[in-house]
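>>> My questions are about this predicted structure, shown below with the sequence.
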Amino acid sequence: MDDRKLYLKFIDADVQGIISLYWENAPETCKAIWGALEKPIQWPATHAMFAGPEIMMGLPEEARNFDPTKLPPENQTILPEPGEMLWFYQPKNFFKNDPSEFWELGMFYGQGGRTFGPTGWISCTYIGKMTENLDAVAEQCKRIRIEGAKRVEVGRLA
């Protein structure tokens, strides 16, 4: 059993949660994200518009050290549990009227989440679940809806 974990930290609030990765069910995606997070990343997390209680973070260009089109679909669902973290890649011109490429890490912090976007349902790969301090992290996630984007850091747990 592989117990390598990630952390997600709201930098200004100094609130951090621990994410246990789904190495058994999403091995290729976990390996890619683990490799991408050799150095912690920081990103302004925003709140989802269609998916319910989800915050979204991009993967900065300097951390994009794998080919996202080579990752197989793994551990997919449209109905995540609170605390689950997803990986989603949107190639250029994937959606009608949206030519942008998007490398996304998302985390659901409450009940009722679903991976639903402006064009409908999208099954995503789930790479882990926050297993420590979800309640405090969820409070920070909720504040994004009122106060706007908040800077987060995601990295390997030392």
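Sure, I can see it.

>>> thought residue 78 was touching residue 117?
No. Assessed by C-beta atoms under 8 Å, residue 78 is found out of contact with residue 117, at 10.5 Å. To be clear about C-beta, it is placed using only N, CA and C from the backbone, and glycine gets the same treatment.

>>> Near the closest residue to residue 96 other than its chain neighbours, how many other residues are there?
Sequence neighbours aside, residue 119 is the residue nearest to residue 96 in space, at 6.7 Å (criterion: C-beta to C-beta, 6 or more residues apart in numbering). Counted with other C-beta atoms under 10 Å, the neighbours of residue 119 add up to 12.

>>> Quick check: phi and psi on residue 119?
Per-residue torsions, residue 119: phi -110, psi 0 (degrees, to the nearest 10).

>>> and it, how far is that from residue 45?
As defined by C-beta to C-beta, to the nearest Å, residue 119 lies at a distance of 23 Å from residue 45.

>>> Quick check: residue 87 is in a helix.
No. Counting by DSSP: H, G, I helix; E, B strand; the rest coil, residue 87 is not part of a helix but strand.

>>> Would you confirm that it contacts residue 127?
Yes. Between residue 87 and residue 127 there is a contact under C-beta under 8 Å: 5.3 Å.

>>> between these two, what contacts are shared?
26, 29, 33 (C-beta atoms under 8 Å, 6 or more residues apart in numbering).

>>> In TSV: those, plus neighbour count.
Shown next, in TSV, are those (neighbours: other C-beta atoms under 10 Å):
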residue	neighbour count
26	24
29	27
33	24
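
>>> returning to what we had before: I figured the residue nearest to residue 96 was touching residue 97, is that so?
No. Using C-beta under 8 Å as the test, residue 119 is too far from residue 97 to be in contact (9.4 Å).

>>> before we move on, what SS does residue 126 have?
Under three-state DSSP, residue 126 comes out as strand.

>>> can you pull the contacts of it?
So residue 126 contacts 22, 25-26, 75-77, 80, 84-87 (C-beta under 8 Å, 6+ apart).
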